[in-house]
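**Q** pasting the structure only:
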C-alpha cells in the first residue's frame, strides 16, 4: 500500500472513533478520497433502502455528476456487488453491459459491498475517468476504506 493509502486509512480510523453518525463517516471518507486520490473522480456510498431491501439508495457522495438515485439489487455494477457479496472492478465500463451510466466520462469503476452482521448494509462506489485505475493495491485500499464504515455501522 502506498503512503497516501496508509495516511488516509489512519485518518479515517481516527475520525470514526469519535464521529457522531455513520453519515458523517461516509461524508468524510467520500470527501477525502475525492480530494486526495486524483483518479477517484466520483466517490459515494449506496445504502440499502430501509423500507425495501431490494433497492440501494444513493448516500453521501462527492463528484462532478449526479448518480443514479435508486438502484435495484439486480441492476448495474452496484447490484452485481450486492448480489455476489464480492468487490466488482471493471477496468473499462464500455465493455460491461451491467454498467449503469452516471456520466459518459467514466471509464473505470469499483464497487465494494459493506456488510454488517453478514447482511448487506451499504456499498462504497468509486468511479474514475481513467481506465485501469483500480489495480490490486487500489482495490485493497478501497476495501479497507469500506471496512471502516462496516465496523462503524456494526457498533451502532
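**A** Nice, I can see it. Since we're looking at a predicted model, the values are computed, not measured.

**Q** Where does residue 57 fall, secondary structure wise?
**A** In the assignment (DSSP states H and E), residue 57 maps to strand 52-63.

**Q** so what strands line up beside that strand?
**A** Each strand that strand 52-63 pairs with, and the sense of that pairing, follows from DSSP bridges: strand 42-49 (antiparallel), strand 70-72 (antiparallel).

**Q** Which of the three states applies to the nearest residue to residue 74 once chain neighbours are set aside?
**A** Leaving aside its chain neighbours, residue 74 sits nearest to residue 83 (6.6 Å; criterion: CB to CB, 6 or more residues apart in numbering). Where C-beta positions appear, they are placed from N, C-alpha and C, glycine not excepted. Three-state secondary structure (criterion: DSSP: H, G, I helix; E, B strand; the rest coil) places residue 83 in helix.

**Q** what about residue 83, distance to residue 7?
**A** Look at residue 83 and residue 7: by CB to CB, to the nearest Å, they are 34 Å apart.

**Q** Next, the contact list for residue 77, please.
**A** Shown in contact with residue 77 (CB atoms under 8 Å, 6 or more residues apart in numbering): 88, 90, 93, 96, 98, 99, 100, 109, 111, 125.

**Q** longest helix of the chain?
**A** Taking DSSP state H as the assignment, the helix of the chain that covers the most residues is helix 136-154.

**Q** Against which helices or strands is it packed?
**A** Based on contacts counted as 3 or more CB pairs under 8 Å, 6 or more residues apart in numbering; DSSP states H and E, the elements that helix 136-154 packs against are helix 3-18, helix 22-36, strand 108-116, strand 119-128.

**Q** Tell me which of those lies nearest to residue 60.
**A** Evaluated with CB to CB, the helices and strands packed on helix 136-154 place helix 22-36 nearest to residue 60, the distance being 4.2 Å.

**Q** follow-up on the earlier one: can you give me the buried ones in the longest helix of the chain?
**A** 138, 141, 142, 144, 145, 146, 147, 148, 149, 150, 152, 153 (16 or more other CB atoms under 10 Å).

**Q** Fine by me, we can end here.
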